Structure formats: C-alpha cells, structure tokens
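S.K.: Next come a sequence and a model predicted from it.
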Amino acid sequence: MVDYPALKLFIDGNWRAGEGRDTGAVLNPATGLVLGELPHASEADLDEALASSARAHEQWRKMSAVDRGRILQRASALILERAEHIAGLITLELGKPIAESRGEVETAAGMFVWNAEEGRRAYGRVIPSRNRAVQQIAVREPLGPIAAFAPWNAPAITPARKISSALAAGCSVIIKPAEETPATALAIAAALIDAGLPPGALNMVFGDPAMISRKLLNSPITRGLTFTGSTQVGKQLGALAVQTMKKMTLELGGHAPVLVFGDVDPEAAAASAVSAKFRNSGQVCISPTRFFVHESIHDRFAAKLSELANKIAVGDGFEATTKMGPLAHARRIESIERFVEDARARNIAVSAGGERCGNQGFFYRPTVLSNVDEDCMASNVEPFGPLAATAPFSSMDDAVRLANRLPFGLASYVMTNDMRNASAITEAIQSGNVVVNHWQASQPETPFGGYKDSGIGSEGGIEGLQEFQTIKYISQFAA
C-alpha cells in the first residue's frame, strides 16, 4: 500500500490546493471508501491556465528539439525511479492488480522516451522547383497550445501519451485527466516539473467536464484537441472544437471483434484470450469482446473460455493472488448487470460469472455469454467491463460481415494458422488496428487510432507526433 497524497491542481508552474474551490471525493474501488478530496478548477483557474499556456508555448516552441527531448528523457527516468509509488497509486485509484499497474508505469515512461527521440526527427522536405531561382521547402511547426482530455481506465498511459507527444512536437498542454484517478496523473506532472519543464508548458486541471471543455475549446488560445473516451462525448467535443477550427485527435469507443478460425487449437486460443479479455477488468478500449469462432470449434472454445474465466481470482489489487480487481465505480457494475439481464431475458447462456462478488467495493465476476444473437445488447453495445460474448460463424464472408457490422473500428483480432486467412481478413476488416495471433494492439512507436465512430487521427508513433504539428510551405526567390 502507498500513502495517498493531498490532491491539487497544477497551474502556471504552481500547485493549487482546494481552499476556496469546490471539491469532489475520490474513491477506492476495492473498498468504496474515500481516498481524498479533489479540488475542482474554477473559470478563473482556467483563464490563468490558458494565459500561462499561451506564454509558455512561445518559449517552449523556440527551444531546440534536442533540449526539449532532454527534459522528456529526464521525466521518463524519474517516472521509472518512482515506479513502485506510481503503480501503487494506480491500484489504489483504479483497482487493477499491482503487476498490471507496474506494467502500465513502464509503458508510460516509454511514451516519453519515444517522443523525446522522435521529436528530433520532425523532418521537412525540399520540393524541386520549376524555377532554379526559387527554393521551395515544407517545414513542420508546433500546432499551438493543446487541450487534452484523458479517461480513468489507463491513468498513467493515456496522459503520458498525450502530454509527451504534444510537448515533443513543441506545444504547451492543458490537460484534464479523469477525476477518478487524479493522483496518478499528478505524479506524471511532478516528474516533468522535477525534470525541468518550464512553468506553463503543462497545466493540469480537474473539475466539471462540461465547463472545462467549453472553456478550453471556445478559447482561441488552444489550437488542438486530443481526447480519449466515448464516441458520444467525442462527437460533442469535436462539435465545440470545429467552431474555432481546432485540429483534433479523437480516440473513441470500440467493441473489438475476435475472429477465431477453425485451424487453431480452440483450447489454446481460449487460454490466450482470457487474460487479454479480463485485463484491467475488461475496462480497455481495445479489449477483445465479440468472439466470433468458426462453428467447427465454437463450443470447445466457449467452454474453455468459460472454465478459465470462472477460475480467475478476483480481489484487491494489492493481494498477490489477485488476477482481476474491481471495476472503477458503481456505474460500471450497474452497466454490466444490464448486459447480463438482457442476455438472460433472451435465454442466452451465461456460462461464466454474471453476478457481483465480495461484500464491499465494486467487484463483478468475469462473465461469458455463449452463443449470443445479433440483437442482444452485448452484440451491439461496448460493455467496457469483464464481459465476453461468443458466437459461431460459418465462412470467411460471414466472419467479415460480423466483424464490420457495427459502426466501430478501433481494434480487431484474428486467430489463424493459415496465412491466406490472415491476409484476406486483415484487408477486409474495417479497423484502425488489426492484430493477428497475439493481443498487443499498441506500442509507443506504433500508430493507434480508429475507423468510423472509433475516432479521427492517430496517437503514438510518428503519426501521433504529427497530430500536434502543422505544415508551413516556404517559397523563396533568390535573385
């Protein structure tokens, strides 16, 4: 266990406590008890954050990419030095097993390393001219101050990705992380401050999401929006951002299909799938959820997946035996219950889980629905929790239709030993990320984004850095 810190805002290089501000309780999802009180930013706080971000951007953008990179590298090293403390904060605030939290901190630190290095490679290009006396070049420049919004389900990784990418591109950032997991995000801010980040280059605020988003997105100071969250909220923020012509990167909802072909070992496929599905209690935007399995092996796959789900040890994330922690809050429990109630009303088999567990906190058993139909709730709505649904398919065309049926396209998974299947299906699936025979859909160096209602633009990799840059074309006549 770790001591939970006093929570504050971070504005213009200074920590701001809760005096004179509204506050909100932060809960431990394993107990339901209050961890601390989080101060909420006022409109005056946001005015100050915007002004400081504008000032700092002019300083930060003029700093060399090498010097910016050194600060980001130092921040990464400090995050790793403090890894056990930050991991403890993740488990306190989100409930995930401590081993998963440690892995998240390592990945978050890796985001800073990648962007520190890639920020030095914002190459422009020389364009051959039609007139030998004219030089034509295109250069990449920082977009401007960025308004960033991060969710609770990856409280270190998502803020780290947004902050490090924007800073590496030469932009200042105002970020509103989730109110459920503030201490984790504040620990990342502390590492940047101690690494030498200039005041105002990063502001971190919490509070009323609607008020904060309106304030930041209506302001002419912010020139870009980066948001991770639901499709519904992303569309609302996008509508605000377009009013002032802000560039936007939106990583939105998913409902990831998994296509399991008949040439694989169904028990082995289920064994590999179970840990991927129930990682972070299934509260992952790329969580494999809709398992479409060839009819020749469907029943064996579903039986093994259900058997293994029933064996998962659910409990406090600090316990060494725990393999799945609680859900983030009571609303997630209520949501999963609606999926299960809908399935039972349709006589769909609940072959694992399907009920709460424990006498405190927000725990729910890993749940599998077998042989679902296309009309049930689980086939159409992202559960964002510890629920998997299986259904058989008969042919390649059937598999493609099922995978592409919904208006989402964030991540998709394929299990096959036939590379002809793999080649055909990866071309046919409408998804920003297609993963074959494993479950790792994102790395710091790879692009991550969705098709259709799953978003606009990419995070991660070269593409993620370029989201925070703009192109300037220069044509110069040399007489």
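M.R.: The structure has been received and is ready for your questions.

S.K.: residue contacts, V434?
M.R.: Counting by C-beta atoms under 8 Å, 6 or more residues apart in numbering, V434 makes contact with A411, S412, Y413, V414, I425, T426. Quick note: C-beta positions are derived from backbone N, CA and C, even for glycine.

S.K.: redo that, cut-off 6 Å
M.R.: V434 makes contacts with S412, T426, as judged by C-beta atoms under 6 Å, 6 or more residues apart in numbering.

S.K.: next structured bit after the helix or strand hosting it?
M.R.: Under the criterion of DSSP states H and E, V434 resides in strand 433-436. Sequence-wise, the next helix or strand downstream of strand 433-436 (DSSP H and E) is strand 451-452.

S.K.: Give the pairing partners of the strand holding V434; include direction for each.
M.R.: strand 411-415 (parallel) (DSSP bridges).

S.K.: Can you tell me what sits against the strand it pairs with?
M.R.: So strand 411-415 is contacted by 254, 256-260, 264, 269, 286, 288, 403, 425, 429, 431, 433-436, 441 (C-beta under 6 Å, 6+ apart).

S.K.: switch to 8 Å and redo it
M.R.: For strand 411-415, contacts defined as C-beta under 8 Å, 6+ apart pick out 254, 256-261, 264, 269, 273, 285-286, 288, 403, 421-422, 425-426, 429, 431-437, 439, 441, 450.

S.K.: Give me the buried subset of those residues.
M.R.: By neighbour count, with 16 or more other C-beta atoms under 10 Å, the contacts of strand 411-415 hold 254, 256-261, 264, 269, 273, 285-286, 288, 403, 421-422, 425, 429, 431-436, 439, 441, 450 as buried.

S.K.: Inside strands: which ones of these?
M.R.: If you go by DSSP state E, the buried ones among the contacts of strand 411-415 have A256, P257, V258, L259, V260, P288, N433, V434, V435, V436 in strands.

S.K.: Pick out whichever of these sits closest to T322.
M.R.: Using C-beta to C-beta, P288 comes nearest to T322 of those, at 21.1 Å.

S.K.: The closest one and V258 touch, don't they?
M.R.: Yes - contact criterion C-beta atoms under 8 Å: P288 and V258 qualify, at 4.6 Å.

S.K.: Where does the most centrally placed residue in the chain sit: helix, strand or coil?
M.R.: Compute the mean C-alpha point of the chain, and by C-alpha atoms, centre = their mean the closest residue is T158, 4.9 Å away. Secondary structure, DSSP: H, G, I helix; E, B strand; the rest coil: T158 is helix.

S.K.: show me what contacts G69?
M.R.: Taking C-beta under 8 Å, 6+ apart, we find G69 in contact with A116, E117, G119, R120, A168.

S.K.: Please give the number of neighbouring residues around the closest residue to the residue nearest to the centre of the chain other than its chain neighbours.
M.R.: Spatial nearest neighbour of T158, excluding adjacent residues (C-beta to C-beta, 6 or more residues apart in numbering): A150 at 4.3 Å. The burial count assigned to A150 is 25, neighbours taken as other C-beta atoms under 10 Å.

S.K.: How much space separates the nearest residue to A424 once chain neighbours are set aside from F408?
M.R.: With sequence-adjacent residues excluded and distances taken as C-beta to C-beta, 6+ apart, A424 is closest to M396, at 6.4 Å. Applying C-beta to C-beta, to the nearest Å, the value for M396 to F408 is 21 Å.

S.K.: These two - which one has more neighbours?
M.R.: Ranked by neighbour count (other C-beta under 10 Å), M396 and F408 place F408 first, with 25 against 16.

S.K.: Many thanks, I have nothing further to ask.
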